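Asks: Give me a model of this one.
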Amino acid sequence: IPPLFSAGVRFLIGGTLLYTYARFSGAVAATKLQWRNSAIIGLLLVVGGTGTVTWAEQYVPSGLAALMVAAMPFWMVLIEWMRPAGRRPVTSVVLGLILGFAGIIILIGPIQVAAEGITGLLGTAALLLATLSWASGSIYSRHIDLPESKLLSVGIQMLAGGVVLSLLAGATGEFPRVDFAAMTLKSIGGLFYLAIIGSLAFVAYVWLLK
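Replies: Below is the predicted model:
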C-alpha cells in the first residue's frame with residue numbers, strides 16, 4: 001500500500017465517519033467560511049503534517065521520524081511569538097525548548113542521518129517541513145471561525161486532506177503500485193486502525209488546542 005494512497009484512504013474513511021456521525025448527532029451544518037477554514041487546516045495538518053511524515057518514512061526509520069516530529073513544539077512557540085499580536089515565550093519555555101531540541105539532535109545524531117545517504121537527508125528535510133506545517137495549522141486553528149462541533153470540524157479537515165492526498169497519490173503514480181494481492185490482514189487491519197483510532201486521536205488533539 002503506497003504511502004500517499006494509504007494516507008488518503010485513511011483520512012477519507014475517518015473523515016466520512018466523523019462527519020456523518022456529527023451531522024446525525026445534530027451538529028449544525030458548517031458555513032462556507034467554516035468549510036474553507038476547516039479545509040485549510042486539513043491541508044496543513046493532514047497533508048502537510050501527517051501525509052508528509054507518511055511519505056518520509058519510506059526513507060527514514062520510524063524511530064528517527066518520531067524523534068524529528070518531537071521538534072513540533074519548537075515551531076509552535078516560534079510561530080505564536082512571531083505572528084501579529086503573538087505571545088512571547090517566558091524564559092522557562094525557551095530553556096525547555098533549547099534543552100529538548102538539543103536532546104533530539106543528540107539522539108538522532110548527524111552521523112546517523114548522513115549514513116542514510118541522500119534519501120535519508122531528503123526524508124529528514126521532509127519531516128522538518130511536516131512539523132512546521134503541523135505547527136502552523138495548529139496555531140491557525142485557534143484564531144479562525146470553525147464549526148462549533150469539534151467532530152464536524154475534524155471530519156471536514158480529514159475529508160479535505162484525504163481528497164488532496166488521494167489526488168497527490170494519483171499524480172505521483174501510486175495507483176498502479178497498489179498491490180491488492182499482496183495485502184495481508186495485518187496491513188489492512190493497520191490501515192483501518194489508523195482510520196478509526198487515529199481519527200479519535202485527531203479529535204482529542206483538536207479539542208486540546210482549545
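Asks: nearest residue to residue 166 other than its sequence neighbours?
Replies: residue 8 (3.6 Å; C-beta to C-beta, 6 or more residues apart in numbering). C-beta coordinates here come from the backbone N, C-alpha and C atoms, glycine included.
Asks: who touches the one you found in this structure?
Replies: 162-166, 168-169 (C-beta atoms under 8 Å, 6 or more residues apart in numbering).
Asks: export the residues you listed to JSON lines and tack on secondary structure?
Replies: What follows is those, written out as JSON lines (DSSP: H, G, I helix; E, B strand; the rest coil):
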{"residue": "162", "secondary structure": "helix"}
{"residue": "163", "secondary structure": "helix"}
{"residue": "164", "secondary structure": "helix"}
{"residue": "165", "secondary structure": "helix"}
{"residue": "166", "secondary structure": "helix"}
{"residue": "168", "secondary structure": "helix"}
{"residue": "169", "secondary structure": "helix"}
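Asks: For the residue nearest to residue 166, identify the helix or strand it belongs to.
Replies: Using DSSP states H and E, residue 8 maps to helix 3-24.
Asks: Extract the CA atoms of that helix and return them as PDB.
Replies: Extracted in PDB, the C-alpha atoms of helix 3-24 (Å, rounded to 0.1, in the frame of the first residue of the first chain):
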ATOM      1  CA  PRO A   3       2.200   5.900   1.400                       C
ATOM      2  CA  LEU A   4       0.100   8.800   0.000                       C
ATOM      3  CA  PHE A   5      -2.600   6.300  -1.200                       C
ATOM      4  CA  SER A   6      -2.800   4.700   2.300                       C
ATOM      5  CA  ALA A   7      -2.900   8.200   4.000                       C
ATOM      6  CA  GLY A   8      -5.600   9.300   1.600                       C
ATOM      7  CA  VAL A   9      -7.800   6.200   2.200                       C
ATOM      8  CA  ARG A  10      -7.200   6.500   5.900                       C
ATOM      9  CA  PHE A  11      -8.400  10.100   6.200                       C
ATOM     10  CA  LEU A  12     -11.300   9.700   3.700                       C
ATOM     11  CA  ILE A  13     -12.700   6.800   5.800                       C
ATOM     12  CA  GLY A  14     -12.100   8.600   9.100                       C
ATOM     13  CA  GLY A  15     -13.400  11.900   7.800                       C
ATOM     14  CA  THR A  16     -16.600  10.400   6.300                       C
ATOM     15  CA  LEU A  17     -17.400   8.500   9.600                       C
ATOM     16  CA  LEU A  18     -16.800  11.600  11.800                       C
ATOM     17  CA  TYR A  19     -18.700  14.000   9.500                       C
ATOM     18  CA  THR A  20     -21.700  11.600   9.200                       C
ATOM     19  CA  TYR A  21     -21.800  10.900  12.900                       C
ATOM     20  CA  ALA A  22     -21.600  14.600  13.800                       C
ATOM     21  CA  ARG A  23     -24.500  15.500  11.400                       C
ATOM     22  CA  PHE A  24     -26.700  12.700  12.500                       C
END
